[in-house]
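A.B. asks: Predicted model follows, preceded by the sequence.
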Amino acid sequence: MASRKRTLLKVIILGDSGVGKTSLMNQYVNKKFSSQYKATIGADFLTKEVHVDDKLVTMQIWDTAGQERFQSLGVAFYRGADCCVLVYDVNSQKTFDNLDNWRDEFLIQANPNDPDNFPFVVLGNKVDVDGGRSRVVTEKKVKQWCTPKNNLPHFETSAKEDTNVDTAFQCIARNALKNETEEELYIPDTVDMNAQTSTKRSSGCC
Amino acid sequence: MVSPTKPGPRVSGDFEALLSQAHSRSSSEVVGPGDEQCSVVDASELESVPGSEGAATEQGPGPAVQLLEQAATAAEEGRNEDSEVWRQQRKHLFVLTHSGKPVYSLHGDENALAGLMAVMDALISFMKDQGDSLQSVRAGRHIIVFLERGPLYLVAAAATGEPVSVLHLQLHLLHSQILCILTDGFQKVLTRNARFDTRRLLGGVDGILEALHTSFEVDPSAFLVAFAPLRMPALLRRSLLLALQTAVREGGALYGVLLAGSKVAALSQGASRPLHPHDLLALGAFVRGSPSFQAAETFSPVCLPHFNPSAFLHAYVHYAHKDAKVCLLLLSTQPDSFMRLADAARRFRAEVNDSGALQAAARSGLQAGEGQVSISSLPALAGGGEPGMTPLLHFLYKHPGRSQFVLATWDALAARGRLPQDVVPHYARIHAAVFRKDEEFREPQPSPLRVYYHSTDEYAAIAYASAEYELYALFDPLAQKLAIVQICQRLCAWVKGSQQDLFVPM
């Protein structure tokens, strides 16, 4: 029996609909790509075992639906996430502008202990389209966005060509792991018979 | 039996569709055809990627092949839902946190099941968002039951034929068992920090949770809210009990329990604070599921959730007779009382050895079925006889006043190819019908006498329930009703007459 269980990381992928969240996940987990767009219904869940510096961890990837009508999962969805991946389409300014909304939404719903240092990873997808000629979001603009936010890691990817996908997810796993919860204190009480007779409360000294 | 319409929501078809959707994502995605003209990747773009300083470990030449192999081995070893072995288990029990992270799965590897657990979380959360709560889902032969306990979600999926109320209760008890190991302190931590990994506190407890599950399969303790006493001569039990009471007094303990396998041989407890049968069940699984207790005298914290879910008691645990699994437990509120308890335990052992009471308990514990009543040993009028010679196949008798029950040995049913795990769910259904507990589990209330009779191709089942006794019995389906009633009356009289040997005095 293993005394210490393998680490599990909950990773959430957010971004506007059609930026390629599901494609990135599929490319990463299944090494497959389909150019046919199928909107995610609600959410998809995939798991993948990865090595990070010789440590084997399980990534539980929550691929969310970008469309607003599926945003009902709310808190449960974001709760307890270890890393949040923000995806935009380098060929669409609007999807990049919306990253602020996605990030705010996540921070409000997930309510992490230390929002300033919560690990986000930013992915600009679809760099393959038109050989890069239709891109509108420049690297400079992304840097300007990422740098003041504690220097968020940023990757430009192509789920179709499998460009940078593994590298990006490695970084995601690494950052999620870095942010692994500090050992929470779990201090159980002993039954106090004086307290036990009067109330059901656990003991405390007085 | 007719189950009444339930108030909770039912999601049947959708659930399976959702499950299969989540499941299929790892296998059925098709590479888009006719879209294969490769655009050349701009090398400069690759170089200009920022944040790539943490050089990623490459996966080797064939990551896709490796992945497929990985998935295939997970399935082969029965670790996740892709495996046929895993899918064919009669019952699954899952525990996850309210953020969808796995805590425990009875079968398979909870890490490999992380995707499935996330689906469960999504289903539960979806209903919660609408101000409702997901109670149960019927999907083919399976009933899936959900229970929310603070920041934990517990889910059972069973094709055992057990009613919703019983599965619901089993989830309660699974939660209690986790509290028994940890107290509810971890729930406060988990509520404060949803990222907290509960599993780090649960290393090495799989055996305990499995022991609990085994008890669900072969023993009706859970739904009867009663415990199984060890059958032994009343006089010898008396000396066992006196010695145990002395040990509790001398050791300054709160409770003393002498277990023999899955049976209770003696019990010492304050009249004002009787042990709840479900706490006793948790304690039994805790002891049986931890083989290390057999190695030496042990002092271990343990929580009795009905007594106080937020705090530990300290248990002195020692096997007085290893072969017969006779185990002495002394529970104290004093964290520094080991020496005192060990002294008291030593005197206890000397005393019961001298009186021969320990040997008697061990003898009974070593018998087939740990001293359960064998039908062939009963008087003929009370349904006694060898398998095939009597219409009585099996019975279960509960003494509600003492919260104890007596179970017959399984041989007559075994001769008909029926296993305990086939029969216990049957009793659970009868019990649920008698007490009308088709949905949420409620503790059985003393009720006026009720009679239940139900006949199938396999058995004629009869149940009598009153405040003084409950009898559940299975007969040959061809037996005459009159004969069944007469046997039941004689059987109850026999149990009453043998009360001293069968039940533990309270």
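C.D. replies: That came through fine. Numbering: from 1, shown residues only, chains lettered A, B, ... in the order given.

A.B. asks: can you map out the helices along chain A?
C.D. replies: For chain A, the helices defined by DSSP state H cover A:21-30, A:74-78, A:93-97, A:99-110, A:139-146, A:165-178, A:193-198.

A.B. asks: Spatially, which residue comes closest to residue B:110, not counting chain neighbours?
C.D. replies: Leaving aside its chain neighbours, residue B:110 sits nearest to residue B:102 (3.9 Å; criterion: Cβ to Cβ, 6 or more residues apart in numbering or on different chains). From N, CA and C alone the C-beta is placed, and that goes for glycine too.

A.B. asks: got the contact list for residue 187?
C.D. replies: This is for chain A. residue B:185 (Cβ atoms under 8 Å, 6 or more residues apart in numbering or on different chains).

A.B. asks: hmm, I had chain B in mind actually
C.D. replies: Going by Cβ under 8 Å, 6+ apart, residue B:187 touches B:149, B:150, B:151, B:152.

A.B. asks: how many other residues sit next to the first one?
C.D. replies: By that I understand residue B:149. If you count neighbours by other Cβ atoms under 10 Å in any protein chain shown, residue B:149 ends up with 18.

A.B. asks: what is the residue nearest the centre of chain A paired to in the beta sheet?
C.D. replies: Residue closest to the average C-alpha location in chain A (Cα atoms, centre = their mean): residue A:84, at 2.3 Å. Applying DSSP bridges to residue A:84 gives these bridge partners: residue A:12, residue A:120.

A.B. asks: Could you tell me the per-residue confidence at it?
C.D. replies: pLDDT for residue A:84: 95.

A.B. asks: Just confirm residue B:111 contacts residue A:48, I think it does.
C.D. replies: No - counting by Cβ atoms under 8 Å, residue A:48 is not a contact partner of residue B:111; they are 10.9 Å apart.

A.B. asks: I'd like the distance between residue B:289 and residue B:281.
C.D. replies: Taking Cβ to Cβ, to the nearest Å as the measure, residue B:289 falls 12 Å from residue B:281.

A.B. asks: How about residue A:81?
C.D. replies: Distance, residue A:81 to residue B:281, using Cβ to Cβ: 37 Å.

A.B. asks: Neighbour count for those two, which is higher?
C.D. replies: Set side by side, residue A:81 and residue B:281 show more neighbours around residue A:81, with 28 against 25, by other Cβ under 10 Å.

A.B. asks: so the more buried one touches residue A:14, yeah?
C.D. replies: No - applying Cβ under 8 Å as the test, residue A:81 and residue A:14 come out as separate, 9.9 Å apart.

A.B. asks: picking up where we left off before, show the contacting residues for the residue nearest to the centre of chain A.
C.D. replies: A:11, A:12, A:14, A:78, A:103, A:106, A:110, A:118, A:119, A:120, A:121.

A.B. asks: Quick one: residues contacting the fourth one.
C.D. replies: By Cβ under 8 Å, 6+ apart, residue A:78 lies in contact with A:12, A:84, A:106, A:109, A:110.

A.B. asks: Likewise for the last one?
C.D. replies: Residue A:121 makes contact with A:83, A:84, A:85, A:86, A:152, A:153, A:154, A:155, A:168, A:171, A:172, A:175 under the criterion Cβ under 8 Å, 6+ apart.

A.B. asks: Nearest to residue B:388 among those?
C.D. replies: residue A:83 (65.7 Å; Cβ to Cβ).

A.B. asks: Now the closest one. Nearest residue, chain neighbours left out?
C.D. replies: Leaving aside its chain neighbours, residue A:83 sits nearest to residue A:176 (3.6 Å; criterion: Cβ to Cβ, 6+ apart).

A.B. asks: number of nearby residues for that neighbour?
C.D. replies: Residues lying near residue A:176 (other Cβ under 10 Å) number 24.

A.B. asks: Distance check, it against residue B:135.
C.D. replies: With distances taken as Cβ to Cβ, residue A:176 is found 34 Å from residue B:135.

A.B. asks: and what of residue A:118?
C.D. replies: With distances taken as Cβ to Cβ, residue A:118 is found 35 Å from residue B:135.

A.B. asks: shared neighbours of residue A:81 and residue A:14, anything?
C.D. replies: By Cβ under 8 Å, 6+ apart, the residues touching both residue A:81 and residue A:14 are residue A:106.

A.B. asks: hmm, back to that, intersection of neighbour lists for residue B:289 and residue B:281?
C.D. replies: residue B:212.

A.B. asks: Smallest gap between chain A and chain B, at which residue?
C.D. replies: residue A:80 (2.6 Å; Cβ to the nearest Cβ).

A.B. asks: where does the spatially closest residue to that residue that is not a sequence neighbour land in three-state SS?
C.D. replies: Once flanking residues are discounted, residue A:80 sits nearest to residue B:99: 2.6 Å by Cβ to Cβ, 6+ apart. Following DSSP: H, G, I helix; E, B strand; the rest coil, we place residue B:99 in the coil state.

A.B. asks: count of neighbours near residue B:99?
C.D. replies: Residue B:99: 26 neighbours (other Cβ under 10 Å).

A.B. asks: I'd say it and residue A:75 touch.
C.D. replies: No - using Cβ under 8 Å, residue B:99 is not in contact with residue A:75, being 9.3 Å away.
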